[in-house]
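K.L.:
Take a look and give me a structure for this.
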Amino acid sequence: MSSSKAFAAAAGMLRSRLKQSIRTRGGGGDGTSRWSSPGHQDRPNGYLYNETPLAHGESRKWEDWELPCYITSFLTVVILGVGLNAKPDLTIETWAHQKALERLENQKIILAAAASDESE
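P.N.:
Numbering: from 1, shown residues only. Down below sits the predicted model:
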């Protein structure tokens, strides 16, 4: 019986420590969270990305990272689109098709030469 009591006590202590660490990791502890900086909201307010809706006719101000990110993304799509469309076709099927066409052309030349020899 004493081993089961000791096991239960150890499990209870472990459970209480895990609950504390889970509670403080998400910023729900007593102080500031290590995941948020001062001036930022810790709890969700029901709006997407915690941004309150703008007044009618008002436009959202872009953050510093947005323009470089959008430009880089656009240029990446353009470069990949042009580059992937211009790459050479190096598949085994294309190579085999070209070799088969060359062999057929050689056979036609040989047959044409043989036919011209017979007609003479």
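
K.L.:
phi, psi of residue 13?
P.N.:
Geometry field for residue 13 lists phi and psi as phi -60, psi -40, criterion degrees, to the nearest 10.

K.L.:
what about it, how many neighbours?
P.N.:
Residue 13 sits with 10 neighbouring residues when counted by other C-beta atoms under 10 Å. Where you see a C-beta, it was placed from the backbone N, CA and C, and this is true even at glycine.

K.L.:
Can you name the residues that contact it?
P.N.:
If you count contacts by C-beta atoms under 8 Å, 6 or more residues apart in numbering, residue 13 has none.

K.L.:
how much space between it and residue 19?
P.N.:
Between residue 13 and residue 19 the distance, using C-beta to C-beta, to the nearest Å, works out to 11 Å.

K.L.:
Now name the helix or strand holding residue 76.
P.N.:
Counting by DSSP states H and E, the element that carries residue 76 is helix 66-86.

K.L.:
ok, and for whichever helix or strand comes after that helix, which residues are buried?
P.N.:
Per DSSP H and E, the first helix or strand lying C-terminal to helix 66-86 is helix 92-119. For helix 92-119, a neighbour-count test (16 or more other C-beta atoms under 10 Å) marks nothing as buried.

K.L.:
And for stretch 48-63?
P.N.:
Applying a neighbour-count criterion of 16+ other C-beta under 10 Å, one finds nothing buried in stretch 48-63.

K.L.:
Name the nearest residue to residue 52, sequence neighbours excluded.
P.N.:
residue 45 (7.4 Å; C-beta to C-beta, 6 or more residues apart in numbering).
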